[in-house]
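Participant: Curious how this folds, go ahead:
(chains A and B, ligands or ions: 2)
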Protein chains: 2
Amino acid sequence: MFILLSIFMTLPVLLLASSEAPNAMAFAESSAICLGVGVIGVLLTRRHAQELKPRFMFVLTVSSWFILALLSCLPFYLSDLDVTLADAVFESTSGITTTGATVLSGLDEMDRDLLLWRSILQWIGGIGIIGMFVAVLPFLRVGGMRLFATESSEWTDKALPRMKTLSRGLLIVYLAFSIIAVTVYWLSGMSLFDAFNHGLTSIATGGFSTSDLSMGKFDSNLILLEATAFMMIGSLPFFLFVREMYGQHGVLFRDQQVRLFFTILLVVPALLTAYRWTISGGDLDLIDGYVATLFNVTSIVTTTGYASDDYSAWGPLAFVVFFFLMFVGGCSGSTAGGMKIFRFQLSLLVLREQLMRLLHPRAVLTRNYNGRAVSDEIIASMIAYTFIFLLCLLVITTALAAMQLDFITSLSSALTVLTNVGPGLGAIVGPAGNFGPLPEAAKWILSVGMLMGRLEILSVVIVLSPAFWRG
Amino acid sequence: MFILLSIFMTLPVLLLASSEAPNAMAFAESSAICLGVGVIGVLLTRRHAQELKPRFMFVLTVSSWFILALLSCLPFYLSDLDVTLADAVFESTSGITTTGATVLSGLDEMDRDLLLWRSILQWIGGIGIIGMFVAVLPFLRVGGMRLFATESSEWTDKALPRMKTLSRGLLIVYLAFSIIAVTVYWLSGMSLFDAFNHGLTSIATGGFSTSDLSMGKFDSNLILLEATAFMMIGSLPFFLFVREMYGQHGVLFRDQQVRLFFTILLVVPALLTAYRWTISGGDLDLIDGYVATLFNVTSIVTTTGYASDDYSAWGPLAFVVFFFLMFVGGCSGSTAGGMKIFRFQLSLLVLREQLMRLLHPRAVLTRNYNGRAVSDEIIASMIAYTFIFLLCLLVITTALAAMQLDFITSLSSALTVLTNVGPGLGAIVGPAGNFGPLPEAAKWILSVGMLMGRLEILSVVIVLSPAFWRG
Ligand SMILES: [K+]
Ligand SMILES: [K+]
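Facilitator: Ligands and ions are numbered 1, 2, ... in the order given. Next up is the predicted model:
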């Protein structure tokens, strides 16, 4: 894996003309270091390769992501950017976890090799999380993910080597959508460089941009709508795309998670546009207003984090709606973060069941999701996730507030890293600001928060728990 | 019940010299109206008295509280106070639900009969909720309350009529603590009138005061510490007091809920004092600072809502801590509101169980709380409560924001009514402000929110659900 990273690190230099890659030396050094770590890693883990106990898989998964985040900071740290180690780690973690929060400003004038590296990191992170969802999480039974264990792997003909078919399918779909995104952006008037960067970070729901204005740079409703579409694609369950590809037509839109996802994106932007129109006294251009609202809402729900405007200044209702939307997240099995739509649906199932039970104490009830029974174990696993998510939100918010950051900055920063959205709310970390002004310690904490969010939190907590290392 | 209310309504006039009760006429009229409603109610429900199906009990419980809230607004509305109907209903609902949020200012110069009525309302609300917890909620299986069904009623000798013994015991304990509180306050320098009012609203964890400065009026560390003690008593499980009274010594402090409650109140004020001392540059008087911190933290955790100071100006960390503490709430079976400590403990149990299961997938695990097994049904019931609580928080916050109230005002108002704490956070509804400036519509919504919070939300939601009225 680290060897792969080392190869990816040469890309920013290879893809650009030498005049555009002033940090070639930094990338070469970084790549060499990764290669070294990779070789050592292979030597160390080779003898354990057979041991696929949960304990070992947890350590392997969690440590891989942490080490990846650390190694991929090297190009930033060794470049001629004037950044501290905390800054460099924050930026690379934000990349690999597809969070997209940034400590850097002046993106429009930044060295192109560094911009490209940020986008490539998010693209790697995107396929990484899709792969992890299919290959690792369901078997580790983390946070209700078992719900998808059968769904994502037990569908092909039994004679086929399922996992391999699925992996290849996922890679093809991911690559295809990325290429389409880059091409469409390019044809719509972006420069090839901008199209390439935004194409990668749209499908990865990453949200890094090549401009401080984010997607506002292009000032084009067409591009906003295209980006909306690509962000949506990035936060749909990729294994359903593969099933569609293998001839199971209609599975995507029959999926309950996908249906609620599109319902949210149909209802919320429409209502919010109406609200903006009302408080503007009828002054808002309805088409521009709707496109901007749709784009920014989609950006938050898909946990991409692009902005076309400072939506935190759209009035109190918009502020509150964006705050709550940050929790939602996309569908499981996608590149999106957040608490994931299926968890809300499971909670709703339990709620409905309880209301029925209150009325008819002796009734026999069954829970079904996407046509499958939902076991008590999956529900318990979902509660555990939700509880630890809220606990982490509390701890990180408190830690930031202890550094004298205000309530909204603390709370929204903690939330935005745990859900891998990217921008927070308020004057400092909102869509019009960035994370540069925060204290060093806050950046370290937030970097860990991004990794925890990406790893469904429980995986990290379990590796840190004393019981894990006992016996 | 409404006949009882009608009798209580005569109290403010009877207890005060006639010169101090300028609104005697208003009280007399209100009392007469209540009596009328009460008689009609008795006539209507007499024939259903045997029908104790869940459906009927839900309607009876929920409608009683709503009607009580409406009737008890009459003295405010008919008095010479210049209040709208929304104001009057907000104030009486805030009283009967022991929330303690107020739309009134100028309390120090207010007619004494009205002040007394506010305190009596909270005192009635306090014993009302204790009674409901023991008599109604466990059998309705609301929000995990079944956990306490056996605990609170199956402990006495089987030969005794349990429910009656328990009810009498609860009433005696409640009355005794109220008398003690009034006496102690009086001996510590409050006027008899102030002592009486604050005594009632301390034990009821209500939080209404006779001054805009709340407990800050008395400027006495002794009184703050006494109030701290009485608020703690008010938010302990009252049925455990009864068991202690009947000779089961030690049950109170062996209770897991009680232990965590005191742990929180030991740890948080100490840390917060240290923080305040640090950011003051060592300038904070440690004794005054600790007492004030302890008092205000206890006031929030017990959901009383007294203030001795504008704690929202104690720095960002204090702000965040008070925000999170507003969720906690006291122990079940007390007069306190909030999400209740046992729900956090149950979540923690599930989390721990899940972590063990992730490591040892085949292990057989049992959940125990206070020495009893916790069934999956209770867990599901708790999730349903938590989910609907957060959903209501979202809906109310969004509704307030749609009226152009800012994020902190909207969110903290919604939270403070659902948890029956009282004051919110921020400049408008914080401890230094009041709910008077909010729009009329917001006051109606918040009044409903207080009642929902008091009735464990689910009871209200179920009565409003279409399925309830079907079949
Ligand atoms: K993102
Ligand atoms: K209260």
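
Participant: Worst mean pLDDT across the helices and strands of chain A, which element?
Facilitator: Lowest on mean pLDDT, DSSP states H and E among the helices and strands of chain A sits helix A:149-153, with a mean of 49.

Participant: Could you pick out the residues of chain A near ligand 1 for me?
Facilitator: A:100, A:207, A:303, A:305, A:422 (C-beta under 5 Å from the ion). (Glycine included, C-beta is placed from N, CA and C.)

Participant: Show me what the next helix or strand after the least confident helix or strand of chain A is packed up against.
Facilitator: Where DSSP states H and E defines the elements, the next helix or strand beyond helix A:149-153 is helix A:162-187. For helix A:162-187, the contact count by 3 or more C-beta pairs under 8 Å, 6 or more residues apart in numbering or on different chains; DSSP states H and E identifies helix A:112-135, helix A:149-153, helix A:192-203, helix A:221-234, helix A:238-245 as packing neighbours.

Participant: worst average pLDDT in these?
Facilitator: Note on the helices and strands packed on helix A:162-187: helix A:149-153 shows the lowest mean pLDDT, a mean of 49.

Participant: Next, count neighbours for residue A:364.
Facilitator: Residue A:364 has 5 neighbours, counted by other C-beta atoms under 10 Å in any protein chain shown.

Participant: That one: what secondary structure?
Facilitator: Look at residue A:364: counting by DSSP: H, G, I helix; E, B strand; the rest coil, its state is coil.

Participant: Make CSV from the helices and strands packed on helix A:162-187 and add mean neighbour count to it.
Facilitator: Compiled in CSV, the helices and strands packed on helix A:162-187 are given as follows (neighbours: other C-beta atoms under 10 Å in any protein chain shown):
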stretch, mean neighbour count
helix A:112-135, 24
helix A:149-153, 18
helix A:192-203, 24
helix A:221-234, 22
helix A:238-245, 22
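
Participant: Out of the ones you listed, flag the one nearest residue A:462.
Facilitator: helix A:112-135 (15.2 Å; C-beta to C-beta).

Participant: Could you see whether chain B lies near the closest one?
Facilitator: No - counting by C-beta under 8 Å from any C-beta of the partner chain, chain B is not contacted by helix A:112-135; separation bottoms out at 15.4 Å.

Participant: other SSEs contacting that helix?
Facilitator: With contacts taken as 3+ C-beta pairs under 8 Å, 6+ apart, helix A:112-135 sits against helix A:2-15, helix A:24-46, helix A:74-78, helix A:85-96, helix A:149-153, helix A:162-187, helix A:192-203.

Participant: Lowest average pLDDT across the ones you listed?
Facilitator: When the helices and strands packed on helix A:112-135 are ranked by mean pLDDT, helix A:149-153 comes last with a mean of 49.

Participant: contacting residues around the residue in the stretch 251-400 of chain A that ligand 2 sits nearest to?
Facilitator: Closest approach between the stretch 251-400 of chain A and ligand 2, counting by C-beta to the ion: residue A:394, at 22.3 Å. Going by C-beta atoms under 8 Å, 6 or more residues apart in numbering or on different chains, residue A:394 touches residue B:324.

Participant: With residue A:337 instead?
Facilitator: If you count contacts by C-beta under 8 Å, 6+ apart, then residue A:337 has A:97, A:98, A:99, A:205, A:303, A:329, A:330, A:419, A:420, A:421, A:453, A:454 around it.

Participant: Let me know the secondary structure of it.
Facilitator: Note that with three-state DSSP, the state of residue A:337 is coil.

Participant: per-residue confidence for it?
Facilitator: At residue A:337, pLDDT is 86.

Participant: So what's the residue count around the residue in the stretch 151-300 of chain A that ligand 1 sits nearest to?
Facilitator: Going by C-beta to the ion, ligand 1 is nearest to residue A:207 of the stretch 151-300 of chain A, at 3.9 Å. Burial of residue A:207 is recorded as 29 neighbouring residues (other C-beta under 10 Å).

Participant: burial of the spatially closest residue to residue A:453 that is not a sequence neighbour, as a residue count?
Facilitator: Spatial nearest neighbour of residue A:453, chain neighbours left out: residue A:418 (4.1 Å); criterion: C-beta to C-beta, 6 or more residues apart in numbering or on different chains. Using other C-beta under 10 Å, residue A:418 is surrounded by 27 other residues.

Participant: hang on, residue A:418 packs against residue A:395?
Facilitator: No - assessed by C-beta atoms under 8 Å, residue A:418 is found out of contact with residue A:395, at 10.3 Å.

Participant: now the helices and strands packed on helix A:162-187 in a markdown table, with distance to residue A:401?
Facilitator: Output for these, formatted as a markdown table (distance: least, C-beta to C-beta, whole Å):
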| stretch | distance to residue A:401 |
| --- | --- |
| helix A:112-135 | 29 |
| helix A:149-153 | 39 |
| helix A:192-203 | 31 |
| helix A:221-234 | 31 |
| helix A:238-245 | 38 |
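
Participant: Could you say which one of the ones you listed comes nearest to residue B:360?
Facilitator: Among those, helix A:149-153 comes nearest to residue B:360, with 18.2 Å by C-beta to C-beta.

Participant: how about stretch A:405-416 as PDB, C-alpha atoms only?
Facilitator: In PDB, the C-alpha atoms belonging to stretch A:405-416 read as follows (Å, rounded to 0.1, in the frame of the first residue of the first chain):
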ATOM      1  CA  LEU A 405     -12.400  29.000  20.300                       C
ATOM      2  CA  ASP A 406     -16.000  30.200  20.300                       C
ATOM      3  CA  PHE A 407     -19.000  27.800  20.500                       C
ATOM      4  CA  ILE A 408     -19.900  27.800  16.800                       C
ATOM      5  CA  THR A 409     -16.300  27.400  15.700                       C
ATOM      6  CA  SER A 410     -15.600  24.600  18.100                       C
ATOM      7  CA  LEU A 411     -18.800  22.700  17.500                       C
ATOM      8  CA  SER A 412     -18.800  23.000  13.800                       C
ATOM      9  CA  SER A 413     -15.100  22.200  13.400                       C
ATOM     10  CA  ALA A 414     -15.600  19.000  15.500                       C
ATOM     11  CA  LEU A 415     -18.600  18.100  13.500                       C
ATOM     12  CA  THR A 416     -17.100  18.800  10.100                       C
END
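
Participant: near chain B, anything from it?
Facilitator: Yes - Stretch A:405-416 is in contact with chain B by C-beta under 8 Å from any C-beta, via A:405, A:406, A:407, A:408, A:410, A:411.

Participant: how far out from the middle of the chain is that stretch?
Facilitator: 18 Å (C-alpha atoms, centre = their mean, to the nearest Å).

Participant: So which residues make contact with that stretch?
Facilitator: Here stretch A:405-416 has contacts from A:99, A:101, A:305, A:323, A:326-327, A:392-393, A:396-398, A:400-401, A:421-430, A:435, A:438, A:442, A:446, A:449, B:316, B:319-320, B:323, B:407-408, B:425, using C-beta under 8 Å, 6+ apart.

Participant: now do stretch A:349-365
Facilitator: So stretch A:349-365 is in contact with A:367-369, A:374, A:379, B:54-55, B:58, B:140-142, B:377, B:380-381, B:383-384, B:387-388, B:458, B:461-462, B:465, B:467-468, going by C-beta under 8 Å, 6+ apart.

Participant: Fine, thanks again, bye for now.
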